[in-house]
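Trainee: turn this into a model:
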Amino acid sequence: MSLARVVNNFDQLDRLALGSSAAHRLHPLVKMLTTFFYIVAVVSLPSSALTALALFAAYPLAAMTLSQTPWRPLLARLALAMPFSLMGGLGNVWVNQQTAFYCGDWAITQGEISLVSIMLKTALTVLAVLILMATTPFVALCAQLEKLRAPKIVRLQLAMTYRYIATLLDEATTMTIAYRLRAPRQKNIRWRDIGSFLGQLLARSIDRAERVYQAMQCRGFNGEYPAPRPAAPRARDYLYLTFFTAALLAGRWWA
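Mentor: Here you go, the predicted structure:
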């Protein structure tokens, strides 16, 4: 995928978060809490509870249907996390070779079950976070972090990183275009030029960050990232949170 395409697709989740479905209309705090409880329930499942993990997949499927979120942008982002999960789980295959059960003549080891469990947990938890971001504006999430008394430095770093990572990608795109103009026969940046390219990108990014910060100070920035305060949760929000929490507890107890 080209850098230009990455830049164009970076704010796709932000555009999806501006929808008007029933999931979008839920209170941001309720969606944050349900996502947190879901992640805790999934991660705490034993590695052998593959059936329970399959049942927990009902949440992202139902949430995507309810919010009318398209599959493609979420799966594209999920694919970025799966190789890390695969590499983390492959070690268990070599370390834990105790036979769990037989499938015909094929011996299924505990390590192989652990690998499948790790990849399923990664897929479910990452999907849950992506659905949260696709149904809730990032500014609203930052406002809820402030309401939950999250440290100011954490909130500010999250907001600034998310807001200005597109600026970094824009700098990288400009440098890539300049590189190709100087080397028209090169489709990609040569390996021997990667170090110089990254060094120049770092220098340009620092300079751009200084100019952005000066512009923010000229507009009265004092260390607080302003965000609109959402209304208090309504009765249906509490009902959703209660039902979802009860369902998670029941599923976790059954597993």
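
Trainee: quick check: closest non-adjacent residue to P73.
Mentor: Once flanking residues are discounted, P73 sits nearest to Q12: 5.1 Å by Cβ to Cβ, 6 or more residues apart in numbering. For the C-beta atoms, the positions are set from N, CA and C on the backbone; glycine is no exception.

Trainee: again, but for T99
Mentor: In space, T99 is closest to A107, 4.7 Å off (Cβ to Cβ, 6+ apart).

Trainee: for that neighbour, phi and psi?
Mentor: phi -90, psi 120 (degrees, to the nearest 10).

Trainee: beta-bridge partners for it, please?
Mentor: Y102 (DSSP bridges).

Trainee: what's around it, how many residues?
Mentor: Residues near A107, counting by other Cβ atoms under 10 Å, number 13.

Trainee: pop the domain breakdown of this protein in here.
Mentor: 19-136+234-254, 138-224 (automatic domain parsing).

Trainee: rank the ones you listed by pLDDT, which is bottom?
Mentor: Among the domains of the chain, domain 138-224 has the lowest mean pLDDT, at a mean of 81.

Trainee: now it: how far from the chain's centre is it?
Mentor: 18 Å (Cα atoms, centre = their mean, to the nearest Å).

Trainee: one step back: give me phi/psi at the residue nearest to P73?
Mentor: Dihedral angles of Q12 (phi, psi; degrees, to the nearest 10) stand at phi -60, psi -40.

Trainee: got the confidence number for it?
Mentor: pLDDT, read off for Q12, is 77.

Trainee: that one is in contact with P70, isn't it?
Mentor: No - between Q12 and P70 there is no contact under Cβ atoms under 8 Å: 9.3 Å.

Trainee: T135 and D14: what is the separation?
Mentor: Using Cβ to Cβ, to the nearest Å, T135 is found at 11 Å from D14.

Trainee: could you do R190 as well?
Mentor: 34 Å.

Trainee: neighbour-wise, which of the two wins?
Mentor: Neighbour comparison, R190 and D14: the larger count goes to D14, with 14 against 10 (by other Cβ under 10 Å).

Trainee: can you tell me the helix or strand for the more buried one?
Mentor: Using DSSP states H and E, D14 sits within helix 12-16.

Trainee: gap between whichever helix or strand comes after that helix and the chain center?
Mentor: Per DSSP H and E, the first helix or strand lying C-terminal to helix 12-16 is helix 22-25. The chain centroid and the centroid of helix 22-25 are separated by 19 Å under Cα atoms, centre = their mean.
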